[in-house]
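> A structural model of the following input is requested.
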Amino acid sequence: MKPARPIRVVLAKPGLDGHDQGAKVVARAMRDAGFEVIYTGLRQMPEAIARVATQEDVDVIALSSMAGSHLSFCRRLKPLLEEAGLTDKLWIIGGNLPAQDHDELRALGFRGIFPTGSKLDAICDFIRENSP
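This is a model prediction of the structure:
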């Protein structure tokens, strides 16, 4: 019997956010957990993230945001992901995410919200339990 393919994750740094050490740590933890991770690098625009997610046939679209522009970025990204037919994928976000923004992030379709300090195992477990 052929083994199932690994969970594929695109991990992106949105907008002008120049802080990527945390994203690199998360990417390593995901790889160590057996996921295939496509890390886009810094300063990604919504159109690029939607394009990579489509081209790479990912299961999970993950954002790492430390710059405080997560709500406006996610508002721009959501219709692009919908237009690309990616609503069945797991959308998650981590980083500097104040508690007052969590409800709007969920309303935008982000099912996993991981503020700074979230445990790496918790992120990986959430992906395992919720990816399509």
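> from now on I want contacts and neighbour counts done on CA atoms only, so please keep to that.
Noted.
> if the spatially most central residue of the chain is in a bridge, with which residues?
Nearest to the geometric centre of the chain sits residue 62, at 0.6 Å (Cα atoms, centre = their mean). In this structure, residue 62 bridges to residue 11, residue 92 when assessed by DSSP bridges.
> so it touches residue 9, yeah?
Yes - using Cα atoms under 8 Å, residue 62 makes contact with residue 9 at a distance of 6.9 Å.
> quick check: the closest residue to residue 45 other than its chain neighbours vs residue 60, distance?
In space, and not counting its chain neighbours, residue 45 is closest to residue 15: 5.6 Å by Cα to Cα, 6 or more residues apart in numbering. With distances defined as Cα to Cα, to the nearest Å, the gap from residue 15 to residue 60 amounts to 19 Å.
> for the protein, what spans make up the helices?
Using DSSP state H, the helices of the chain run over 21-32, 46-55, 70-83, 102-107, 120-130.
> could you dump those to a markdown table with mean neighbour count?
Output for the helices of the chain, formatted as a markdown table (neighbours: other Cα atoms under 10 Å):
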| stretch | mean neighbour count |
| --- | --- |
| helix 21-32 | 17 |
| helix 46-55 | 18 |
| helix 70-83 | 16 |
| helix 102-107 | 14 |
| helix 120-130 | 15 |
